[in-house]
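Asker: got a predicted structure plus its sequence, pasted below:
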Amino acid sequence: MVRGKIQMKQIENATNRQVTFSKRRNGLLKKAYELSVLCDAEVAAIIFSQKGRLYEFSSSGMQKTIERYHKYIKEVQTDKPEMERHTQQLKLEAANMVRKIELLEVSRRKLLGQGLGSCSIEELQEVQSQLERSLRNIKARKGHLFKEQIEQLKAKLILIVHREHFRLVGSNGSHQFNRKKLQLITTRVQRWRQNCSLGCQKTAAPSRLVFGHGNVIRAHLIN
């Protein structure tokens, strides 16, 4: 048989009310005991009946638990002003952060050329100055990257020239260098230098090939 849902209101019949009180009181005290044992918690329960009769349960002694409760309440009330000040400070910091985010968003939109209708001449000049500074930084970074790439290409080119030289010397079977092949390598280097000059205002490229000791080619780099 399915039990009906009990309405949360005072039981009118005194006998039924007393029976329900006894059953639920015992159940509550039993649950308090189980909670203290299963969860190693300090539990205290105090119940007064309608006629003023006291029923209680305490896992560690009622007086000890009550003293602990009063001590805790006192500490909370002492720390409450400090907690309120800390909470207020956090609210102010959050509000300041929101204002900063709004200002950054307005500045970003201005840098993108949006929302300029309400700007004064001074504000427009400030935006222009910021854009010019950003452009200079971008150009400087771009030039630095170009320079690094050119240095890497120079190192690769020197390695290619030396490999080609030793290959030609080995194919001749002696230390006699094939001048036609040398002229071909020189032409390629000059073409590489011209191509690099198109991409940068100032580049460093191999400018000439000379013979050193033992007919070994050395590439001299001139900035």
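Answerer: Okay, I see it.

Asker: from here on, contacts and neighbour counts on C-alpha atoms
Answerer: Noted.

Asker: any idea which element residue 101 lies in?
Answerer: helix 62-111 (DSSP states H and E).

Asker: ramachandran angles for the nearest residue to residue 58 once chain neighbours are set aside?
Answerer: Leaving aside its sequence neighbours, residue 58 sits nearest to residue 44 (C-alpha to C-alpha, 6 or more residues apart in numbering; 4.2 Å). Main-chain torsions, residue 44, degrees, to the nearest 10: phi -140, psi 140.

Asker: swap in residue 7?
Answerer: Dihedral angles (degrees, to the nearest 10) for residue 7: phi -80, psi 140.

Asker: what average pLDDT does stretch 128-145 get?
Answerer: Across stretch 128-145, pLDDT averages out at 89.

Asker: neighbouring contacts of stretch 55-67?
Answerer: 29, 32-33, 36, 42-49 (C-alpha atoms under 8 Å, 6 or more residues apart in numbering).

Asker: for it, measure first residue to last.
Answerer: Across stretch 55-67, the terminal residues are separated by 19 Å (C-alpha to C-alpha, to the nearest Å).

Asker: that older thread, C-terminal to the helix holding residue 101, what's the next element?
Answerer: Following helix 62-111 toward the C-terminus (DSSP H and E): helix 121-172.

Asker: show me the shaky parts of the protein.
Answerer: Within the chain, the segments meeting pLDDT under 70 span 1-4, 79-80, 165-166, 168-223.

Asker: and the residue nearest to residue 58, how many neighbours does it have?
Answerer: 20 (other C-alpha atoms under 10 Å).

Asker: one more: residue 116?
Answerer: 15.

Asker: and if you look at the one 4 residues further on?
Answerer: Counted with other C-alpha under 10 Å, the burial measure for residue 120 works out to 10 neighbours.

Asker: for it, phi and psi?
Answerer: Given degrees, to the nearest 10, the pair of backbone angles that residue 120 has is phi -80, psi 180.

Asker: repeat for residue 12
Answerer: According to degrees, to the nearest 10, residue 12 has phi -70, psi -40.

Asker: how far away is it from residue 90?
Answerer: Noted for residue 12: a distance of 52 Å to residue 90, by C-alpha to C-alpha.

Asker: more neighbours: those two, which one.
Answerer: residue 90 (12 against 8).

Asker: any idea how far residue 42 is from that one?
Answerer: Taking C-alpha to C-alpha, one finds residue 90 at 34 Å from residue 42.

Asker: would you agree residue 55 falls within a strand?
Answerer: Yes - per DSSP: H, G, I helix; E, B strand; the rest coil, residue 55 lies within a strand segment.

Asker: and it, how many neighbours?
Answerer: With other C-alpha under 10 Å as criterion, residue 55 counts 13.

Asker: what pairs with it across the strands?
Answerer: Taking DSSP bridges, one obtains residue 47 as the residues bridged to residue 55.

Asker: that one and residue 34, how far apart?
Answerer: Taken as C-alpha to C-alpha, the span from residue 55 to residue 34 is 17 Å.

Asker: related to what we said a few turns ago, any of the contacts of stretch 55-67 buried? List them.
Answerer: 29, 32-33, 36, 43-44 (16 or more other C-alpha atoms under 10 Å).

Asker: now do the contacts for residue 167.
Answerer: Contacts of residue 167 by C-alpha under 8 Å, 6+ apart: none found.

Asker: could you check how far it is from residue 160?
Answerer: Distance from residue 167 to residue 160, by C-alpha to C-alpha: 10 Å.

Asker: how much space separates residue 81 from residue 88?
Answerer: Residue 81 is 10 Å from residue 88, by C-alpha to C-alpha.
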